[in-house]
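Engineer: Build me a model:
(chains A, B, C and D, ligands or ions: 4)
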Amino acid sequence: MVATTSTAPTRPGGGRSLLDLVLRARELSILGALVVLVAATAIANPRFLSAQGIEDIFLNASILALLAIGQTLVVITRNIDLSVGSVVGLVAFVTGKYVSEAGHGLLAAVLLGLAIGAVCGLVNGLLVSLCGVPALVVTLGTLYVIQGLDHYLAHGQQINAADVPQPLLDLGSGNVLGVPYLPLIAVLVMLAVGYYLRSYPSGREFYAIGSNPEAARLAGVPIRRRVLTAYVMSGLLAGVAGVLWLARFGTVIADNAHGWELKVVSAVVVGGVAIVGGVGTVYGAALGALLLTTIGSVLVVLKVNAFWQDALIGFLLLLAISVDRLLAVRMTRALRRRNARHAW
Amino acid sequence: MSEPAPVLALVEVSKTFGAVRALDGVSLELRAGEVHALAGENGAGKSTLVKTFAGVHRPDSGQILLNGRPVVFHGPADAQHAGIAVIYQEPTLFPDLSVAENIFMGRQPRAGLGRIDRKAMHARTAELFARLGVSLDPRRPARGLSIADQQVVEIAKAISRDAKVLIMDEPTAALTAQETARLFSVVRALREHGCALLFISHRLEEIFELCQTVTTLRDGRRVACEPVAGLTADDLVTRMVGRELDDLYPKQEVTPGEVVLKVSRLTREGAFTDISFEVRRGEIVALAGLVGAGRTEVARAIFGVDRPDAGTVEVSGRPLRPASPMAAMAAGLALVPEDRRQQGLIMEMSIERNLGLTRLRALRRGPFISRALERANAADWAVRFQLKYGRTGDPAGVLSGGNQQKVVLAKWLSTGPTVLIVDEPTRGIDVATKAEVHRLLSELAAQGLAVLMISSDLPEVLAMADRILVMHEGRLAAELPRSQAGEESVMSAATGQRKDTV
Amino acid sequence: MPGNLGRFLRWDVVVTALLVVVFFGGLGADPNFGNADNLAFALGDLGEIALIALPMTLLVVCGQVDLSVASVLGLASALTGYLWDAGVPFETIIPLVLVVGVVCGLVNGLLVTRLGLPSLAVTIGTLTLYRGLAYVVLGTEAVSEFPPQYTALTGNVPGLPVPYQVALFAVLAVATALLLHATGFGRSLFAIGSSEDTAFFAGIGVKRIKLLLFTVSGLVAAFAGIVFTLRYGSARADNGAGLELTVIAAVLLGGVDFDGGKGTLGGVIAGVLLIGVLRNLLMLNDVTTEIQAIVTGLLLIISVLTPRLITLARRPPVERFLQ
Amino acid sequence: GTTKESVRTQAPAPAASGAASASANPDAPIKEGLKLAFLPKQINNPYETIVDEAGIEAAKEFKAEAKEVGPSDASASSQVSYINTLAQQGQDAILIAANDPNAVCGPLRQARSKGIKVVAYDSDTSKDCRDIFINQASSEDVGRSQVRLLSELIGGEGEIAILSATANATNQNTWIEFMQDELKKPEHAKMKLVKIAYGDDDDQKSFQQTQGLLQAYPNLKGIISPTTVGVSAAARYISGSKYKGKVTLTGLGTPNQMRKFVKDGTVSKFALWNPKDLGYLASYAAAALVSGQISGGEGEKFTAGKLGERTIGAGGEIILGPPFTFDKSNIDEYDF
Ligand SMILES: Nc1ncnc2c1ncn2[C@@H]1O[C@H](COP(=O)(O)OP(=O)(O)OP(=O)(O)O)[C@@H](O)[C@H]1O
Ligand SMILES: Nc1ncnc2c1ncn2[C@@H]1O[C@H](COP(=O)(O)OP(=O)(O)OP(=O)(O)O)[C@@H](O)[C@H]1O
Ligand SMILES: [Mg+2]
Ligand SMILES: [Mg+2]
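Structural biologist: Ligands and ions are numbered 1, 2, ... in the order given. Sure, this is the predicted structure:
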């Protein structure tokens, strides 16, 4: 055996600032895009930045952001929940029906919505975590089932704003100290979930599972419990979103939030959450939701031909993920170069 | 002197996978203050035994005793709670998380309200690395770590647990002498603190250096359990293989032919700089160096996996199109990659299909793949390499680590290359097979194959190579002909203390 | 390892058996089901889904997915209408539209291979982009009255109760099945789907193959767009909206593993047919759309649940893990 | 040749020759036990549900069996599958609200060749693949009256916008063309149409489109939303925003949806026909067709239960009647 005379080969230490910057950059770049977009639009049409204009954007983004937060939890564990849209539809309708017929109040509506959402999430979660079946297939399946159920229950009925109790409607349009409830709820949820994911051991386990499920198992991470939690949270937040939908729009038919699953996944992806799991934050996802919503509003305000809107949104989505990716690639290369400089 | 009671023990444990009896009535006792070695050929059941201790596998029959009391582990978490730490044969890291988080996942140091105390976590990680004599940044993500560094992180993870029992499944397979020595000093310290240790390695000299007791497995059965003192390497091999072993390094003398691989001024920023060398027909050239010296990167660039920033590669006098493994293969190159799980094999694909993957064209009849040819091809190589398997139709993932390595080797040799690059060809291979692989490489070289061998196993390098290229921090530090090569000369070049003109 | 039992209980076999049961059950139970007209229609109605499912199967086996297919179909339809309305002869329209399909596929493929982006994310983006472009091309309009010699091609093959597109699909399906299961190319797809690195190290042109598959997917989707347009005699920007999920449902129902590396084309064909036959039977019996959706969803869940439960029953869950 | 959908092809055309040639016997009794099937644009659309349920109710009056089937998405291709199924089932008549006038034609023709009568309602198909079309109001009436209504509310001057359903909806586009034509008249010269937005008959999208309109066009005076989904969504946004009382909204809506907004002053007037009457009339027309009372020719007459005698107009169209305007004074008399 050779004696260990020399010191260990020096390798780069303290890449903290750079790495942290990259991690933050994901959120920062979305924020940057958002600022540019808003600034440009405001120059073209100052009314865009009026109190009403800003309030509208935040109100519109809130529901999407809530769903994106739930979806992030699931996606981080290398799973996906395609059923969120249908859960929102089901919750909005059933809750609407319940409160309008029985004349129940706010609390009952919220509890019912949460319960329905939790049950849907639980079903998804049990199928995925306990039976170990692929998430995409299962949640595509539950998407169809829940949607079918929603349509079956609704069957062409409509809940009208007039039938919805006023306290519930106030939740949708009211505010505290000038801050509307909806964005307030979304931000609170975001901060709580974000803090949990970053600062608690069990929160880190979500990332571990998505990063390498096999290693997570060997490390004794309770995979099933975490995945189940992710789905139940996603379901719960979809339940909240459903109730808020009812509160905000008042009029509800069976088709609400139809096709939103892709919108939510888009927001999450734009927000820098890796679809293959292990990477991303709820802040990014919420910002992604805000960005997508803002783009939608901006195009209307800038009087872009309605026909171009979808095309532009699609294009911007591709741009967002491409830029994100290019930044990541450049960063890896920079890290490699730094390695090189350290080496001699 | 009465023996201390075993901390952890297996009693008559059996475990079968389908038709394979991986463990057959095996008993084993781990005692505090003792390093217990587990020896055996590839597929003897060592890793299965480890996973039984770790709670990954549940025994079909038999018992696990913890401090003399029977226990049942329902999963790895149970075993961890019982104070058992395991270094698995294959690194199991979270690529997206920082090295420190990898080490402390699930038991991070806490600050108030149950929050993670990152500062403490990073400090403790740095401490661990200092103990192991490596300087890795605790904050860097695990993605992109070399296999060796991954192994180091695994080791750090296991020793950070302050466990009563530490089980190590081939922890040194990826390490060079230097890190191995560091690991051993840590292991000895743990032993003195009263830890019970189980150590697995195919490098027999390590067993003699480190361990007090050795248990030998053959075909899932325990054939011996005895003190290491008084045992010779030959005894151990005989117990493992059931017969005397011929020469471990059957190197044939050959006169090198014309140059077939010519690498000129190859550079890839951040990995290696200005690498030039030649390999002739019939020659075995070893590329030696410390972990992270950049050897794997050189091999990848030659084979076209990565695009070099500068420099050229010529095969048989013709320049090679960069960054295309397809072109490299067409020119007669073959690369047995370092990481067999990620790059060498498709775990869920059958053995025969894995073997056929490099020669899809040759296995055709008309436009279609011939299953018969494929099966014949697989059966042929299985015999040549004495593969231990159920059926060639079984998934490659169920093979033991060493047998997987054989499949990867066979997969590349079957392409009939003119230049064979092997990156750690005998990592995790048992002595008998190692001898087999060496004989094979040496025979093929004698038949005119040019071999470029990357290896961290110094005796192997010294015994098998006609010429040794030593890399230090991304540059060629020395070129030593067989006659001048010795442990000292290679190591001093590898550590940068000696520079020979190349 | 699962023995012979496991071999027989592969999900694609189960789906095929299910198809046979449902089909003959339908024949017995519903007098309207078995007649040639209805069967031809039921098959023809699957046309575009079945066509697109072929390249989709290859993609999913390869570990990729193309969610933009229905939008490419819509764009192709809109373009067909636009050009036809502008007086371009149909013989010129077909190649033009197919080229656009190829370009759409190339864009997907390049984004996935050059930038290394996950295909799910990329094609969610192009799903929106291509549908938007379809609206840009044709806006609110609907173009109709296509030349009869072409719309006739959506009818039956003369003398047979089989629509042209079904005949075409049969030929393509056999070709694709051979390609996937009997050639080296097919083998490469499974290898890429299981372990991209290993395939790359084995000298398989991973990027080239992926690019090719996305391109073919775009081409076939555009072709399906033309078929769709002719079959309904109406070119609109919203044609085929939401079709992508049905296609993927059919592929997954056929037992193809969404993580790549596993699946058979036979299973997918059975899956497509099962969805079609079931839907037709349910409709004939006045089962409402809601229930149809629920049935489709449950089938999907069962399709992944059954094989898993069989494995779980056979060995304790702790050991589902290799090495 | 090619046809683009436009008002021109919708304009009065000679009666469908095929239908007119068949002989009708106005005195034939209505057969019992007829099988009628309603195929709405989309099964979960509340408006269509009201229409169809009234039609099914009416069928009981003449002892027919009627049912409603249909897709859950408003696409032509899904309707086609249903047409085929209904043909296989041997229904006597199919009543359809077409998602696309041409896409449903092939299968409808096939169905007719099997002797099945086809009645279009709400949204027409091509003329040659149905027997008659029950028009809720003449397209011209709807279009022009909406402009007149808004003109009256905003005093005949200012910027206005239209919030439509999907960009493809046939009936919407026809109305919009008539609105644009009406705006060309000198008395509306001071009204300027600045934007046609599409809410896709999606509540949330319509809501957001309204929002966008009001921001993009600060001088907007009025919005016409000739779709029940659109007008209620727009009303809801305006009622909760600072634009309430500044921007005038009108359109086509159902009284139940609009009641709240009429009462809180967001909307003062809007229009609609009675959807129940539409279903009722369609049901009777189908029965008359199958029984041979009418064949679809212009000028033929039949009795539609409580709605009394109706005459088939040009192009095989039967018009339900002029749209009805709702306001604070009368809205409580209606419940649908
Ligand atoms: N999960 C599994 N499923 C099926 N067979 C398995 C499984 N794990 C191990 N085996 C089989 O059990 C036997 C023992 O394997 P094991 O991995 O314990 O060998 P080993 O002694 O660790 O070999 P090596 O030195 O190569 O690592 C081998 O024949 C192997 O193929
Ligand atoms: N993908 C990567 N990203 C970042 N750094 C990397 C990557 N791959 C390798 N490195 C680093 O580059 C250096 C050279 O690694 P390489 O694997 O080539 O060394 P080696 O000499 O082959 O060692 P060994 O084979 O013993 O691991 C190491 O410091 C390693 O950590
Ligand atoms: Mg082993
Ligand atoms: Mg290496």
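Engineer: Need the pLDDT of the residue nearest to residue D:240 when sequence neighbours are not counted.
Structural biologist: Excluding its sequence neighbours, the residue lying closest to residue D:240 (Cβ to Cβ, 6 or more residues apart in numbering or on different chains) is residue A:173, at 4.6 Å. Placement of C-beta: from N, CA and C, glycine included. In the predicted model, residue A:173 carries a pLDDT score of 78.
Engineer: so residue A:173 makes contact with residue A:250?
Structural biologist: No. With contact defined as Cβ atoms under 8 Å, residue A:173 does not reach residue A:250; the gap is 9.2 Å.
Engineer: Comparing the two, which shows the higher neighbour count?
Structural biologist: Legend: neighbour count by other Cβ atoms under 10 Å in any protein chain shown for residue A:173 and residue A:250, higher for residue A:250 (28 against 19).
Engineer: Can you classify the closest residue to residue D:300 other than its chain neighbours by secondary structure?
Structural biologist: Nearest residue to residue D:300 in three dimensions, chain neighbours excluded: residue D:294, at 4.3 Å (Cβ to Cβ, 6+ apart). Secondary structure assignment for residue D:294 (DSSP: H, G, I helix; E, B strand; the rest coil): coil.
Engineer: Which neighbouring elements make contact with whichever strand or helix holds residue A:309?
Structural biologist: Under the criterion of DSSP states H and E, residue A:309 resides in helix A:306-343. Judged by 3 or more Cβ pairs under 8 Å, 6 or more residues apart in numbering or on different chains; DSSP states H and E, the packing partners of helix A:306-343 are helix A:16-44, helix A:260-270, helix A:282-301, helix C:119-138, strand D:191-198.
Engineer: how about 6 Å then?
Structural biologist: helix A:282-301, helix C:119-138 (3 or more Cβ pairs under 6 Å, 6 or more residues apart in numbering or on different chains; DSSP states H and E).
Engineer: ok so, going back, who's in contact with the residue nearest to residue D:300?
Structural biologist: D:24, D:288, D:300, D:302 (Cβ atoms under 6 Å, 6 or more residues apart in numbering or on different chains).
Engineer: pretty sure the residue nearest to residue D:240 contacts residue D:237?
Structural biologist: No. Shown here, residue A:173 and residue D:237 do not form a contact pair, counting by Cβ atoms under 6 Å, at 10.0 Å.
Engineer: Near ligand 4, which residues of the stretch 251-400 of chain B are found?
Structural biologist: Neighbours of ligand 4 within the stretch 251-400 of chain B, by Cβ under 5 Å from the ion: B:296, B:338.
Engineer: what about the helices in the stretch 251-400 of chain B?
Structural biologist: Using DSSP state H, counting those that start in this stretch, the helices of the stretch 251-400 of chain B run over residues B:295-303, B:325-330, B:351-356, B:371-384.
Engineer: What is the burial count for the residue in the stretch 101-250 of chain D positioned nearest to ligand 1?
Structural biologist: Nearest residue of the stretch 101-250 of chain D to ligand 1, counting by Cβ to the nearest ligand atom: residue D:204, 50.7 Å away. Number of residues near residue D:204 (other Cβ under 10 Å) recorded here: 21.
Engineer: Then residue A:102?
Structural biologist: By other Cβ under 10 Å, the residues close to residue A:102 number 9.
Engineer: Can you report how many residues neighbour residue 293?
Structural biologist: Unless you meant another one, I'm taking chain A. Look at residue A:293: counted by other Cβ under 10 Å, it has 23 neighbours.
Engineer: wait, chain C
Structural biologist: If we define neighbours as other Cβ under 10 Å, then residue C:293 has 22 of them.
Engineer: and the host helix or strand of it, does that touch chain A?
Structural biologist: Assessed by DSSP H and E, residue C:293 sits inside helix C:289-314. Yes. Residues of helix C:289-314 are located near chain A by Cβ under 6 Å from any Cβ of the partner chain, namely C:290, C:293-294, C:296-297, C:300-301, C:304-305, C:308.
Engineer: hmm, back to that, now do the host helix or strand of the residue of the stretch 101-250 of chain D closest to ligand 1: distance to the chain's middle.
Structural biologist: According to DSSP H and E, residue D:204 maps onto helix D:203-216. On the basis of Cα atoms, centre = their mean, to the nearest Å, helix D:203-216 sits 23 Å off its chain's mean C-alpha point.
Engineer: what's downstream of it, the next helix or strand?
Structural biologist: Next helix or strand after helix D:203-216 toward the C-terminus (DSSP H and E): strand D:220-225.
Engineer: who does that following strand pair up with?
Structural biologist: Neighbouring strands of strand D:220-225 in its sheet, by DSSP bridges, are strand D:158-164 (parallel), strand D:248-251 (parallel).
Engineer: Residue B:366: neighbour count?
Structural biologist: Look at residue B:366: counted by other Cβ under 10 Å, it has 8 neighbours.
Engineer: about what we covered before: could you measure from the residue nearest to residue D:300 over to ligand 3?
Structural biologist: 87 Å (Cβ to the ion, to the nearest Å).
Engineer: Setting aside sequence neighbours, what's the nearest residue to residue 150?
Structural biologist: All of this is about chain A. Of all residues not flanking residue A:150 in the chain, residue A:90 sits nearest, at 4.3 Å (Cβ to Cβ, 6+ apart).
Engineer: should've been chain D
Structural biologist: Residue D:150 sits nearest to residue D:222 (Cβ to Cβ, 6+ apart), 4.8 Å away.
Engineer: give me the number of residues near that neighbour?
Structural biologist: 21.
Engineer: Centroid-nearest residue for chain D?
Structural biologist: Geometric centre of chain D, nearest residue: residue D:122, 3.4 Å, by Cα atoms, centre = their mean.
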